[in-house]
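*Asks:* Take a look and give me a structure for this.
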Amino acid sequence: MAAPADGVKRAEPRDHWAFQPVANPAIAVIKDKAWPRNAVDRFILARLEKEGLRPSAEAGRAGWLRRVSFDLTGLPPAPEQVAAFLADTRADAFERVVDELLASPRHGERWAQHWLDVVRYADTHGFEVNTERPNAWPYRDYVIAAFNHDTPYDRFIREQIVGDALGQDAATGFLVTASVLLPGQIGADEPSKRLARQDSLDEIVMNIGQTFLGLSVGCARCHDHKFDPISQRDYYAMQAFVAGVEYGDRDLRTPEAEAARAEEKRLTARAAEVERQLARFVPLAKAGGERPSVNARMNTDRFAPVTARRVRFTVKATNSLEPCIDELEVFDTAGTNIALASAGATVTASGSNVSANRHELRFVNDGSYGNSRSWMSNEKGRGWVVVEFPREHTIERVVWGRDREEKFTDRLATNYVIEVAGAAGEWRVVADATDRAKFEPGKVKPPVFSTAGLSAADAAEATRLQQERKSLEAKIKSLEAGQKAFAGKFRAPDNIRLLYRGDPEQPKDEVAPAVLSTLGKLQLPKDAAEQARRAALADWIASPQNPLTARVMVNRIWQGHFGTGLVETPSDFGRNGARPSHPELLDWLASEFLRSGWSVKHLHRLIVLSATYRQGSSTFQSRDSGGRGKLDFGKSSYAIDADVRLLWRFPSRRLEAETIRDAMLAVSGRLDTKMFGRGFNLFAQRGGLSGFTPVESYSGEGLRRMIYAHKVRREREAVFGSFDCPDAGQSTARRRESTTPIQALNLFNSRFTLDESTALAARVKQDAGDDLARQITRAYQLALGRAPNAGELADAAPAVREHGLATLCRALFNSNEFLFLP
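*Replies:* Now for the predicted structure:
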């Protein structure tokens, strides 16, 4: 190859430091033998001594406890915990605290939030429609449990890529955390479908690359990577590993889910029996007679038993647009639905408005409910469906609904006729709902059976059955919630081709599954099975020989404790990313991570028990020759290393949005520590185009930790969203830390702050009684983990007398001492 025209020798991209095997460097040689507490400190001190810097004095015990409690659990220590730690003179007092925090269920909630930022977890699909993703939360719960159980990180990787083979179905939610276009949002033409499929696969490849490898693999979709040795062929070879992954819900196969299915089946059978019994009290349908109002959820038309081979349901008018029926059921005198396709019934219709695999005629008798499993006519305000049975039956009622899942009330038949025909073929009317047009838009009410005209005994029985039905429906709905996870569907892989300029309409040669050529030689046959592809990819990523995997994760852990990683671009270890501030320490930590069996908690313990982590955070504090803290206003450490990248002091930082909210609830005494399950609402709606009116005052489920909130993609929470809370539109490997007026306004004036200030004041009065000084002291202890000094006590007393204790609590919530790590 000819030399470059400018004579400058180009660096070989494959020689980049991050692509080299992880070294196991010798422990650094240092002068100050007294300061280090473990190997981490020796690497830090070696660099400080090289730069002419000295470590800062230790933080006070109370300050360290507050710092480590927030870091490991996201919550402040209680005053009683502070007092116990200050009184603990045992040599292993610090170790005991760390072990207790790591064993707390709150630990997984804290560190899962860091992970969910990176993988851009949300409970809606994103893009313009942004509809709810109701079964996303099992993945969030899986991550929390994994961190609590200290799941070995190599196992954690494998479970998220191929958890369906490892008994962790929810874990593969990782693959499909990104935004996705739903079928109805994709054009009906084939090019639009191919582009949407490519976009969805691209999101998976990007997520894998940046999360586990710290590489922007997605940059090679249209051309070879401009900075890193990742070719376009590499990109599509990586895509081939996940070419059988579809975005969608999948049944969970956990013991809990299986038990829920069994219970749901039992309750559903009982509900069917209740419906059959209730049908006795439904008035017979009469043409032109008084009718109950039509209902979007479910309607029952009962008539005198009649022999029929066919049933025709004809819609004459709707409340809007083309009529839509999610299920048409016909019951015989034994209470059996004989209209099901599985029972041999067939259906025909006047016409169907099919779009994006929805509203097909076959859905009208498939036994499934909901809009996505409904039939839609192709005529506005009219249409008909005929159900034909294999033989004649004696039938007595027809049950139908627009949407049994209660999400849609449009396209509802308000004027319709039901006819039956025997073997001879002559149609006759059994129910005429001409006068059944009463309907209140936007409201979905359960069908009601009137007890008018019934005997006292029948009225009592009907009432009892209605109550039982309501209870059964609530239980069934609750059981359904834990049976599925938005964790991807798996099918035969697509044939992946290298696309010219990333254009699906310009395919070139087919590509087999293969890892990045710079980092390995693994390649699978083009016909490799779908699950085997993902398993091979997971094994390669989780291999101790992979030079990136351990480095990337230990760097994320380091960042979680010091605010900035040893590599300050945590999801870009490529040539366009930053070089490590302490390369030997990074490799030593990666090696230690592997030696510990990929234990994340082992690294936490190592870091937070180091002298580096114990340092004070004062900007100008250094140490004199005797190790005592002093102020240095000469050539200060700050002047040499303003960004504190060398860690001559602890780099204080503001708490994250979720931690601020959680801490306020914990201090006020209102925090609900219930774990797992469906998220609580931050807005009046859980998804949609717009109109996300924020919830202002919380109670019940809304007092849980913020990680359990229903996260609407690209919609920031009204109060704490201003504190740089990610909106899950893109991966957030490291949160920005901005300072804006809206943050102060939100935290001082929001309904949430006022409510928690009032709650804290009530808690303080209950703890401290009526003595003003004791009240102020208790408020400081709860909010800041310390008692007020004489000046603070003197300043607070007149303010409390004049404006009330809640005002002091509000001020404490807005103080830097509450909002920042010490």
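*Asks:* part of a helix, is Ile157?
*Replies:* Yes: according to DSSP: H, G, I helix; E, B strand; the rest coil, Ile157 belongs to a helix.
*Asks:* what about it, distance to Ala492?
*Replies:* Ile157 sits 25 Å away from Ala492, going by C-beta to C-beta, to the nearest Å. Backbone N, C-alpha and C define where each C-beta goes, glycine included.
*Asks:* out of those two, which sits in the busier spot?
*Replies:* More neighbours surround Ile157 than the other of Ile157 and Ala492, with 26 against 10 (other C-beta atoms under 10 Å).
*Asks:* dump the residue contacts of Pro570.
*Replies:* By C-beta atoms under 8 Å, 6 or more residues apart in numbering, the residues touching Pro570 are Gly214, Val552, Asn555, Arg556, Gln559, Ala733, Arg734.
*Asks:* Identify the residue nearest the last one in space, chain neighbours excluded?
*Replies:* Same thing as Arg734. Distances taken as C-beta to C-beta, 6 or more residues apart in numbering place Pro570 nearest to Arg734, at 5.7 Å, with adjacent residues excluded.
*Asks:* So the nearest residue to Ser231 once chain neighbours are set aside, which state does it fall into?
*Replies:* With C-beta to C-beta, 6+ apart as the criterion, Ser231 has its nearest non-adjacent residue at 4.9 Å, and that residue is Asp224. Classification of Asp224 using three-state DSSP returns coil.
*Asks:* Per-residue pLDDT of Asp224, please?
*Replies:* The model reports Asp224 with a pLDDT of 93.
*Asks:* quick one on the thing from earlier: and what about the residue nearest to Arg734, helix, strand or coil?
*Replies:* Going by three-state DSSP: Pro570 is coil.
*Asks:* now it: how far from Ser355?
*Replies:* Taking C-beta to C-beta, one finds Pro570 at 42 Å from Ser355.
*Asks:* ok, now Gly502?
*Replies:* Separation of Gly502 from Ser355 (C-beta to C-beta): 28 Å.
*Asks:* So the two - more neighbours on which side?
*Replies:* The neighbour comparison of Gly502 against Ser355 (other C-beta under 10 Å) goes to Gly502, with 17 against 12.
*Asks:* how about the nearest residue to the more buried one, chain neighbours excluded?
*Replies:* Nearest non-adjacent residue to Gly502 (C-beta to C-beta, 6+ apart): Cys222, at 3.5 Å.
*Asks:* which residues touch the one you found?
*Replies:* Counted by C-beta under 8 Å, 6+ apart, Cys222 has contacts Gln232, Arg501, Gly502.
*Asks:* Give me the subset of those lying in helices.
*Replies:* Among the contacts of Cys222, the members falling in helices (DSSP state H) are Gln232.
*Asks:* can you put the contacts of Cys222 in TSV and add distance to Gly381?
*Replies:* Shown next, in TSV, are these (distance: C-beta to C-beta, whole Å):
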residue	distance to Gly381
Gln232	52
Arg501	47
Gly502	45
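*Asks:* quick check, nearest of the contacts of Cys222 to Val600?
*Replies:* Taking C-beta to C-beta as the measure, Gln232 is the one of the contacts of Cys222 closest to Val600, at 34.7 Å.
*Asks:* The closest one contacts Val217, doesn't it?
*Replies:* No: with contact defined as C-beta atoms under 8 Å, Gln232 does not count as touching Val217 (10.8 Å).
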